[in-house]
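Trainee: have a look at this prediction, sequence included:
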Amino acid sequence: MKKIRTTQVNSLKQLKPKIKSRRQTIYDAIKHLTSTVHIPVTNRMIAKHLGWDINRVTGRVTELVDLGKVKSNGTHKDLQTNRTVTVWEAL
């Protein structure tokens, strides 16, 4: 078993509030986009709405799904990438 260094533990403790805050920001964005703008809420749309890179969004969305706060609401053809992507819904 790999030993965890004290510096790793301290870094994680510092990151946890930021992760929770980003997760909440993304959850709020999903709720806002579905209730007011009425567009398919994809990872790309969340990133665009927040002005973030998509890789800051995808991990947090996965965490929200795992926590039961967000679920898939079908798929959508992303015209920019020409790919089928997941549409998200806040619970």
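Mentor: Okay, I see it. Numbers count the residues shown, from 1 in each chain.
Trainee: give me the pLDDT for the residue nearest to the spatial centre of the chain.
Mentor: When the chain is reduced to its mean C-alpha position, the nearest residue by C-alpha atoms, centre = their mean turns out to be residue 61, at 2.7 Å. Per-residue confidence (pLDDT) for residue 61: 96.
Trainee: likewise for the one 4 residues further on?
Mentor: According to the prediction, residue 65 has pLDDT 96.
Trainee: did I read that right, it in a helix?
Mentor: Yes: counting by DSSP: H, G, I helix; E, B strand; the rest coil, residue 65 is found in a helix.
Trainee: could you check how many residues crowd around it?
Mentor: The local packing of residue 65 (other C-beta atoms under 10 Å) involves 15 other residues. (Glycine included, C-beta is placed from N, CA and C.)
Trainee: ok, back up a step: now the residue nearest to the centre of the chain: which helix or strand?
Mentor: Using DSSP states H and E, residue 61 sits in helix 54-66.
Trainee: enumerate every residue touching the residue nearest to the centre of the chain.
Mentor: 26, 43, 46, 70, 88 (C-beta atoms under 8 Å, 6 or more residues apart in numbering).
Trainee: just the residues you listed now: which is nearest residue 5?
Mentor: Residue 5 has its nearest neighbour among the contacts of residue 61 in residue 26, at 30.0 Å by C-beta to C-beta.
Trainee: could you list the buried residues of stretch 45-52?
Mentor: The neighbour-count check on stretch 45-52 (16 or more other C-beta atoms under 10 Å) flags 45, 46, 47, 49, 52 as buried.
Trainee: rank the helices and strands of the chain by mean pLDDT and give me the bottom one.
Mentor: helix 6-32 (a mean of 76; mean pLDDT, DSSP states H and E).
Trainee: quick one: the helix or strand that that one is followed by to helix 54-66, angle?
Mentor: Using DSSP H and E, the helix or strand that follows helix 6-32 in sequence is helix 43-50. Interaxial angle, helix 43-50 versus helix 54-66 (axes from the mean of the first three to the mean of the last three C-alpha atoms, to 10 degrees): 110 degrees.
Trainee: what's the ChimeraX line that selects buried ones from the contacts of residue 61?
Mentor: Per 16+ other C-beta under 10 Å, the buried members of the contacts of residue 61 correspond to this ChimeraX selection:
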select :26,43,46,70,88
